[in-house]
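Asks: kindly return the folded structure for what I paste below:
(one chain, ligands or ions: 1)
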Amino acid sequence: MKYSELFEEAIRAAEFSYSKYSSFRVGAALIADDGEIFTGCNIENASFSLTNCAERTAIFKAVSAGKTKFRAIAVAGSSDGDFYRTPCVPCGACLQVISEFCGDDFIIILSDGVYKFRDFLPMRFTEDKMNLNFGGNNA
Ligand code: THU
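Replies: Coordinates of the predicted model:
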């Protein structure tokens, strides 16, 4: 699938955006390494901070369907239906969630071009930073 086609999928996913508070409709289309596509939209809440972004919706759908390896995500956002005017850059929370499953070369497609994950989050907090030792005497 072409990058532009995945972006069009993201626009279509924004149709279901539940954004009654911001009126900013966001859609995401995530492609797994086996080619399966998972879409997501932003889902807002009267308790504003509980809002879930389109990217995380797509990723959580995919992970809950058994997929943890991904090639690319396209993100489209607009408050007036023009999804090409301003690129919708993933927020910090979504970047951290992407970071759990994707490497530096993971592709992020926005309205103005194609990026790599490292362009957005060159340094990140990952499990290797914690020196975890679940099996031993780490208490
Ligand atoms: N939003 C997303 O869904 N993804 C982004 O990349 C940026 C922000 C949503 C959250 C909220 O519903 C609305 O856009 C305004 O912040």
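Asks: tell me the spacing between the closest residue to Ala32 other than its chain neighbours and Asn52.
Replies: Spatially, and ignoring its direct neighbours in sequence, Ala32 is nearest to Lys67 (4.3 Å; CB to CB, 6 or more residues apart in numbering). Bear in mind the C-beta positions are built from the backbone N, C-alpha and C, glycine included. Distance of Lys67 to Asn52, computed by CB to CB, to the nearest Å: 18 Å.
Asks: what does Asn133 give?
Replies: Separation of Asn133 from Asn52 (CB to CB) stands at 33 Å.
Asks: higher neighbour count, these two?
Replies: Using other CB atoms under 10 Å, the more surrounded residue of Asn133 and Asn52 is Asn52, with 17 against 9.
Asks: wait, what's in contact with the more buried one?
Replies: Neighbour list for Asn52: Asn42, Ile43, Phe60 [criterion: CB atoms under 8 Å, 6 or more residues apart in numbering].
Asks: near the ligand too, which of these?
Replies: Contacts with the ligand within these, as defined by CB under 6 Å from any ligand atom: Asn42.
Asks: by neighbour count, which of the contacts of Asn52 wins?
Replies: Greatest neighbour count in these, by other CB under 10 Å, goes to Asn42: 25 neighbours.
Asks: that's all I had, so thanks and see you.
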